[in-house]
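1. No sequence on hand, only this structure:
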């Protein structure tokens, strides 16, 4: 597998076709392209002898796979509606790209692969929210930037939250660290550099379970860590000032949908969100998306953390044509008007390709979602996340219903046998009222018995009715 | 003291951190064979010869013994997998700081001796070269993955990938051999 860096989840049609070309030699089973929960791309089936050609092709297309894994700063997540959002507070594209350059661009040689951050103690995640929806999920990232206006000056900026992460040993939601910075490139990059320097040099190097940022913040205490970060920022002499936290945006707000057709603030333009079930794209589907992007969105494709895509800037008078395209109709997996359950399923890689997973996830997730659509009606989007193991790459703790691979036993031919199973989490929330569910409501559920359990939960907890 | 005003934005980031003028002059000479230096530690050449460049403090002896006991911490190049110089040559330029306790180093233990070292295969400093002495000491006494990262820097992983790819295409090795040699050491995951 080759993981890329796709700041703010924006790719173009040329890149999408290149992804297809890269994995096509490996056949339908192995050669696939996955959209991840960090709005990133993973190329599967890649063989080592082909890696240089792929790396060179990525660099020629202004992309890279360097520093995308292990103890590195991972993909920069921003708003998938950056620049096309009528309720936008901050366009996150500039910041995601600037931070991507900070961590992965070697300024001395102007090549990808930055040794300054080449030996971190652990992985590091940064998310920048562009609106009150918090499509970037700042609450589960090491650095989260939440847009809010300075109460006195009216300047747009970010409240800073730190330390969110999920692991086998611990699931932590980000905590406010009482800092606000202006929403300008210099401030964002300087803040990140300061925190990364402290993280790089001071976090634990002995116990990897305690090496994430939150542990360092807790070691200092919030106020002392804040002082240390500010002192670090001041030492750079970049003219960056950190202020006290500012009030969050007030008034009611309803988190918006990304799938479907929605007007943009640009006159005559719409954004069209397309379901990519469990983020899995075949070679053919990659090329179909590239063709659609060229035809309707000037070649641009936006990835989302829900593992779907958005075609931005579609002419309003061409939306109908787009919705009639064969790639989005008939038996195609790709859909614009997906159901409220199938349109909100997220899945980690699972046992198909990941050695850590206890269960196969993607095929189960896609199949179960389709079954649920035929069984119940729901009046709102229900987010069901699947993850293969407690590392929770599928982020089950933020889901309405989370399915985590786990042990289970079932009587088969009079004997209790180990079967693929799961734990079920209920009640995670995202957006302004984010909340992580830490404990499952049920465990040891055999996967083949999951659908009736989910129907029951949907009815009891989410008001579903029989279809 | 590390000049933070020049980090991490300035293109002079390596120059300001380079303590040894000779190293600074040499690293830009094409074809110059330059061995990576670490601010603390000792020298291993092909896993068989130990050369101590400078007098070392008692704490350095602890490092010496610690590294020797781990064995794996400094993996010499196997003759089968020698892609250019993968030797790690460490020299003591000053007495090493005391080994940190098991808890993270305090703010007072921050860097005083970070300087640029250049991996001759990539032409770039290594990721380790930006770590302060205290952090390096903790990493060397740290988790197995930290020891692996100290032994082989992730910043050179892609040089290896190109070499591995060539050797596989030419039939000189198989992917299973690559896995044993490198992928399991996590560096290729970088």
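-> Ah, there it is. Predicted, not measured: the structure shown is a model, and the values here were computed from it.
2. Please name the bridge partners of residue A:417.
-> On the basis of DSSP bridges, residue A:417 is bridged to residue A:410.
3. pretty sure it contacts residue A:408?
-> No: contact criterion Cβ atoms under 8 Å: residue A:417 and residue A:408 do not qualify, at 9.7 Å. (C-beta placed from N, C-alpha, C; glycine too.)
4. Name the residue in the two with the higher neighbour count.
-> Neighbour count, other Cβ atoms under 10 Å in any protein chain shown: between residue A:417 and residue A:408, residue A:408 has more, with 22 against 11.
5. Name the SS class of the more buried one, please.
-> strand (DSSP: H, G, I helix; E, B strand; the rest coil).
6. what's the closest non-adjacent residue to it?
-> The shortest distance from residue A:408 to any non-neighbouring residue, by Cβ to Cβ, 6 or more residues apart in numbering or on different chains, is to residue A:421 (2.2 Å).
7. Shouldn't that neighbour be within a strand?
-> Yes: under three-state DSSP, residue A:421 sits within a strand.
8. which residues in the stretch 151-300 of chain A form strands?
-> Along the stretch 151-300 of chain A, counting by DSSP state E, counting those that start in this stretch, strands occupy A:156-162, A:165-166, A:171-172, A:175-182, A:260-263, A:269-274, A:280-281, A:300-303.
9. ok, the third one: who's next to it in the sheet?
-> If you go by DSSP bridges, strand A:171-172 pairs up with strand A:165-166 (antiparallel).
10. any idea how far residue A:231 lies from residue A:211?
-> Distance, residue A:231 to residue A:211, using Cβ to Cβ, to the nearest Å: 23 Å.
11. okay, these two: which has more neighbours?
-> Using other Cβ under 10 Å as the criterion, residue A:231 and residue A:211 rank with residue A:211 on top: 23 against 12.
12. What residue in chain B comes nearest to chain A?
-> Closest residue of chain B to chain A, Cβ to the nearest Cβ: residue B:127 (2.4 Å).
13. ok now do the nearest residue to that residue once chain neighbours are set aside, which residues does it touch?
-> Nearest residue to residue B:127, sequence neighbours excluded (Cβ to Cβ, 6+ apart): residue A:118, at 2.4 Å. Applying Cβ atoms under 8 Å, 6 or more residues apart in numbering or on different chains to residue A:118 gives the contacts A:67, A:72, B:126-128, B:130, B:153-155, B:190.
14. of those, closest to residue A:114?
-> residue A:67 (6.9 Å; Cβ to Cβ).
15. On the three-state scheme, the closest one is what?
-> Under three-state DSSP, the three-state class of residue A:67 is coil.
16. Please tell me how far it sits from residue A:292.
-> From residue A:67 to residue A:292 the distance is 31 Å (Cβ to Cβ).
17. my guess is residue B:171 is in a strand, correct?
-> No: using three-state DSSP, the assignment for residue B:171 is coil, not a strand.
18. rewinding a little: among the strands of the stretch 151-300 of chain A, which is nearest residue A:396?
-> Nearest to residue A:396 among the strands of the stretch 151-300 of chain A is strand A:165-166 (8.7 Å), distances taken as Cβ to Cβ.
19. Show me what the closest one is in contact with.
-> A:125, A:140-142, A:171-172, A:212-214, A:391-392, A:395, A:397.
20. Please compute how far that strand lies from its chain's middle.
-> 13 Å (Cα atoms, centre = their mean, to the nearest Å).
21. which of residue A:67 and residue A:292 has more neighbours?
-> residue A:67 (29 against 23).
22. Next up, phi/psi of the more buried one, please.
-> phi 60, psi 40 (degrees, to the nearest 10).
23. And it, how far from residue A:122?
-> 14 Å.
24. Looking at residue B:110 now. What's its pLDDT?
-> For residue B:110, the pLDDT comes out at 39.
25. Okay, buried residues for stretch A:247-257 please.
-> residue A:255 (16 or more other Cβ atoms under 10 Å in any protein chain shown).
26. contacts for that stretch?
-> Contacts of stretch A:247-257 from elsewhere in the structure, counted by Cβ under 8 Å, 6+ apart, are A:87, A:89, A:132-133, A:146, A:148-149, A:151, A:159, A:262, A:273, A:381, A:430-432.
27. ok, now with 6 Å
-> Here stretch A:247-257 makes contact (Cβ atoms under 6 Å, 6 or more residues apart in numbering or on different chains) with A:132-133, A:148, A:151, A:431.
28. cool, stretch A:375-384 as well?
-> Residues outside stretch A:375-384 that contact it (Cβ under 6 Å, 6+ apart) are A:340-341, A:344-345, A:399-401, A:455, A:458, A:462, A:464-465, A:467.
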